[in-house]
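[1] The sequence and its predicted three-dimensional model are supplied below.
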Amino acid sequence: MDKLNISLPGLELKNPIMPASGCFGFGREYSQFYDLSILGSIMIKATTAEQRLGNPVPRVAETSSGMLNAIGLQNPGLEKVLSTELSWLEQFDLPVIANVAGSMMEDYVLVAEKISKAKNVNALELNISCPNVKEGGIAFGTDPLTAKELTAKVKAVSEVPVYVKLSPNVSNISEMALAVEEGGADGLTMINTLVGMRLDHKTGKPVIANGTGGLSGPAIKPVALRMVYEVSQVTDLPIIAMGGISSAWDVIDFISAGASAAAVGTANFVNPFICKEIIEELPAILDELGVDHIHDLKGRSWNVGKVANTRA
Amino acid sequence: MIKVEKMKILQQKEIAGNIFELKLQGPLVNEISMPGQFVHIKVNTANDPLLRRPISISSYDKKQQSMTLIYRASGLGTRELTNQADELDVMGPLGSGFPVETVQGQTAVLIGGGIGVPPLYECSKQLKARGMNVVHVLGFESKETVFYESEFKELGPVYITTADGSYGTKGFVTDAVTAFNINADVFYACGPVPMLGAVEKQFDGIPGYISMEQRMGCGIGACLACVCSVNGPELYKKVCTDGPVFRKGELVYG
């Protein structure tokens, strides 16, 4: 019996495991290590209307159990992503979630409309939470009204369901989730990175050229888990969770917190086989937990804290 | 093909001040295709430090399935690496190294600065094996950090410089090139970025190959962390997969 298949808006997935956007490129590099068709899905690198060259270096800095990055949405631009990357991905039995980014609302709308028509794009991930670009990105993801408006505009043109990627850099993430739900979002992905810094001990200056960067890796897992736990109880939208996932047990935690699927980010950099290994390890863990299907674990953690059942 | 495997640690020892020589064994060595490639090492099994550490391959022996890495213990990751004695999680070989087979001319000069010296050793060995004359200019901070002088001497002349003048010529590698009027048909360089820029200027008239360094994430071209500035419309190239070795003229310095 299939223990891992899941059905989400636009996505019929073999399993709930996928690489997170920005941590897997467009899959080419990792296809050297295993057949990408084993993945539930792939969240491709953020795509903008025009090519982006990204931020100056250094772009990454390590921190305790984590890393800071400020890549700056480097990508070859919409046309090239369509003609080169998405067409290359067609050789795999792999539904694609296309991460869409921009500086202005019109950029998002333009990219969403075109990329949603691609044969293998089954859903969009609206990137309103990138902390590393001057314009756009997080500016749309920290104000509920703006986020709602952008979601609605993208929904109006997209031919596939729209998931909105939430930023943890807000004081009330549930408010953001409800705002994009009102805007018509079909699902949520969460969380993007937490804005952080590292200073050079000798000079006192930031290590990353951008000054600040987005923190990812195991260090942020407790924050992500709490946010999924909270948001999943106030919205009906399905959640694809990410934030420090680096083992099959981490996936179990996020499903227990209320997520429907899980994305693996930074861990791919350390172990290129991590998504494959997690997919292979999950069935035995479900046996150990005595459940037939991974979704039987969804929301196991609920109703133990004060945020439970707060949905009006 | 890139492998990820547990490699056996044959030997690890400090050969100069904070400079460690690490000998590893495993089938991964069969995949090495040229000098100047690197491996990406998980220095322990914990989450801290989280990322792998890129370290260049100093020499390799496919018959023994062994390779030697030389690194400087300077940060959290490399200090942790000095504690390892049994096996290591290694990904590699990675990147595009120093071309030796297509090179024309009779004499190559190999110029290394500090921890940029190691990959030049295998490069020099292979150039020498192909019948080229090899000349080495190796720069270090001080006498305590000089390593592999005798190993390079077995292959060809060696000029050592130290920044503090405690050994060899006082100053930088470029000072020795001038002082000893070193000429060649091709140059190979690896070291700090300012040194690479100065060397490229100094050897303006001949072809050359430059190995770059940058803070790295995945090591395989996916994360776009380790880019360097290049001439041309793309502005950046990836050190991990487009390099680490670039042709003279490709890189934009400082």
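    Sure, I can see it.
[2] what pLDDT does A:Gly305 get?
    A:Gly305 carries a pLDDT score of 53 in this model.
[3] unless I'm mixing things up, B:Ser58 is touching B:Ile70, no?
    Yes: between B:Ser58 and B:Ile70 a contact is recorded at 4.7 Å, counting by C-beta atoms under 8 Å. No exception for glycine: its C-beta is placed from N, CA and C like everyone else's.
[4] residue boundaries of the strands in the stretch 101-250 of chain B?
    Remark: strands assigned in the stretch 101-250 of chain B by DSSP state E, counting those that start in this stretch are B:107-113, B:133-140, B:158-162, B:169-170, B:186-190, B:208-211, B:227-229, B:236-238, B:245-247.
[5] buried stuff in the helix or strand where A:Phe254 lies?
    According to DSSP states H and E, A:Phe254 maps onto helix A:248-257. Neighbour-count burial for helix A:248-257 flags A:248, A:250-257 (criterion: 16 or more other C-beta atoms under 10 Å in any protein chain shown).
[6] before we move on, back to that, wait, which of the strands of the stretch 101-250 of chain B is closest to A:Leu86?
    A:Leu86 sits nearest to strand B:236-238 of all the strands of the stretch 101-250 of chain B, at 21.0 Å, using C-beta to C-beta.
[7] List the neighbouring strands of the closest one plus their orientation.
    According to DSSP bridges, strand B:236-238 forms sheet pairs with strand B:227-229 (antiparallel).
[8] what's the neighbour count on residue 37?
    Picked chain A for this. Per other C-beta atoms under 10 Å in any protein chain shown, the neighbour tally for A:Ser37 reads 11.
[9] that's the wrong chain, I wanted chain B
    Quick note: B:Gln37 (other C-beta under 10 Å) scores 23 neighbours.
[10] my guess is it meets B:Leu94, correct?
    Yes: using C-beta under 8 Å, B:Gln37 is in contact with B:Leu94, at 6.2 Å.
[11] Tell me where the model's unsure across the stretch 101-250 of chain A.
    Within the stretch 101-250 of chain A, the ranges that satisfy pLDDT under 70 run A:131-137.
[12] dump the residue contacts of the residue in it positioned nearest to chain B.
    Relative to chain B, the nearest point of the stretch 101-250 of chain A is A:Pro218 (4.8 Å; C-beta to the nearest C-beta). By C-beta atoms under 8 Å, 6 or more residues apart in numbering or on different chains, the contact set of A:Pro218 is A:65-66, A:244, A:246, B:47, B:50.
[13] Show only the entries of those found in strands.
    A:Gly66 (DSSP state E).
[14] show me what contacts the residue nearest to B:Val134 when sequence neighbours are not counted?
    Leaving aside its sequence neighbours, B:Val134 sits nearest to B:Gly156 (C-beta to C-beta, 6 or more residues apart in numbering or on different chains; 3.9 Å). Applying C-beta under 8 Å, 6+ apart, we find B:Gly156 in contact with B:124, B:128, B:133-136.
[15] tell me, how many neighbours does the nearest residue to B:Phe246 once chain neighbours are set aside end up with?
    Nearest non-adjacent residue to B:Phe246, counting by C-beta to C-beta, 6+ apart: B:Ile210, 5.3 Å away. Number of residues near B:Ile210 (other C-beta under 10 Å) recorded here: 28.
[16] looking at it, B:Ile210 is touching B:Glu200, isn't it?
    Yes: counting by C-beta under 8 Å, B:Glu200 is a contact partner of B:Ile210 at 6.5 Å.
[17] Is stretch B:2-12 in proximity to chain A?
    Yes: using C-beta under 8 Å from any C-beta of the partner chain, stretch B:2-12 reaches chain A at B:2, B:4.
[18] Buried residues of that stretch, list them for me.
    Judged by neighbour count (16+ other C-beta under 10 Å), stretch B:2-12 contains these buried residues: B:2-4, B:7, B:12.
[19] What residues of the helix ranked longest in chain B count as buried?
    For chain B, the helix reaching the highest residue count under DSSP state H is reported as helix B:118-129. Across helix B:118-129, burial judged by 16+ other C-beta under 10 Å covers B:118-128.
[20] and if you look at stretch A:263-275?
    A:263-272, A:274-275.
[21] ok, of the buried residues of helix B:118-129, which one's closest to A:Ala112?
    Out of those, the member with the shortest distance to A:Ala112 (by C-beta to C-beta) is B:Pro119, at 45.7 Å.
[22] Please verify my assumption that B:Gln106 contacts B:Met132.
    Yes: taking C-beta under 8 Å as the contact criterion, B:Gln106 and B:Met132 are neighbours in contact, 6.4 Å apart.
[23] neighbour count winner among these two?
    Neighbours were counted for B:Gln106 and for B:Met132 using other C-beta under 10 Å; B:Met132 has more, 22 against 10.
[24] Name all residues that make contact with that one.
    By C-beta under 8 Å, 6+ apart, the residues touching B:Met132 are B:103, B:105-108.
[25] Can you read off the pLDDT for the closest residue in space to A:Thr47 that isn't next to it in sequence?
    Nearest residue to A:Thr47 in three dimensions, chain neighbours excluded: A:Val81, at 4.7 Å (C-beta to C-beta, 6+ apart). Here the pLDDT value assigned to A:Val81 is 97.
[26] what about A:Val81, how many neighbours?
    If we define neighbours as other C-beta under 10 Å, then A:Val81 has 24 of them.
[27] I figured it hits A:Ile115, correct?
    Yes: counting by C-beta under 8 Å, A:Val81 does reach A:Ile115; the two are 7.1 Å apart.
[28] for the longest helix of chain B, packing partners?
    strand B:53-61, strand B:66-72, strand B:107-113, strand B:133-140, helix B:149-153, strand B:186-190 (3 or more C-beta pairs under 8 Å, 6 or more residues apart in numbering or on different chains; DSSP states H and E).
[29] which ones are touching the nearest residue to B:Gly232 once chain neighbours are set aside?
    Excluding its sequence neighbours, the residue lying closest to B:Gly232 (C-beta to C-beta, 6+ apart) is B:Glu250, at 7.9 Å. By C-beta under 8 Å, 6+ apart, the residues touching B:Glu250 are B:210, B:230-232, B:237.
[30] Which one (most neighbours) among these?
    The most crowded member of the contacts of B:Glu250, judged by other C-beta under 10 Å, is B:Ile210 (28 neighbours).
[31] So for that residue, what's the pLDDT?
    The model's pLDDT for B:Ile210 equals 97.
[32] where do the strands sit along the stretch 201-312 of chain A?
    Assigned strands in the stretch 201-312 of chain A, in chain order: A:213-216, A:239-241, A:261-264 (criterion: DSSP E, counting those that start in this stretch).
[33] As TSV, those with distance to A:Tyr229 would be great.
    Formatted as TSV, the strands of the stretch 201-312 of chain A follow (distance: least, C-beta to C-beta, whole Å):
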stretch	distance to A:Tyr229
strand A:213-216	19
strand A:239-241	10
strand A:261-264	14
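[34] Which one of those lies nearest to A:Val160?
    strand A:239-241 (14.5 Å).
[35] Direction included, what does the closest one pair against?
    Paired neighbours of strand A:239-241 in the sheet (DSSP bridges): strand A:187-190 (parallel), strand A:261-264 (parallel).
[36] any chance of these in JSON lines, plus distance to B:Ser66?
    Below are the strands paired with strand A:239-241 laid out as JSON lines (distance: least, C-beta to C-beta, whole Å):
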{"stretch": "strand A:187-190", "distance to B:Ser66": "45"}
{"stretch": "strand A:261-264", "distance to B:Ser66": "34"}
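[37] Indicate which one of the ones you listed is closest to B:Glu21.
    Nearest to B:Glu21, of all these, is strand A:261-264, at 35.6 Å by C-beta to C-beta.
[38] Let me know the average pLDDT across the closest one.
    Here the average pLDDT along strand A:261-264 is 98.
[39] Likewise for stretch B:64-83?
    Per-region confidence: stretch B:64-83 scores 96 on mean pLDDT.
[40] Check what contacts that stretch and list those residues.
    Taking C-beta under 8 Å, 6+ apart as the rule, stretch B:64-83 contacts A:62, B:10, B:12, B:14-15, B:18-27, B:29-30, B:32, B:39, B:41, B:43-44, B:48-49, B:51, B:53, B:55-61, B:88, B:114-115, B:117-118, B:147-148.
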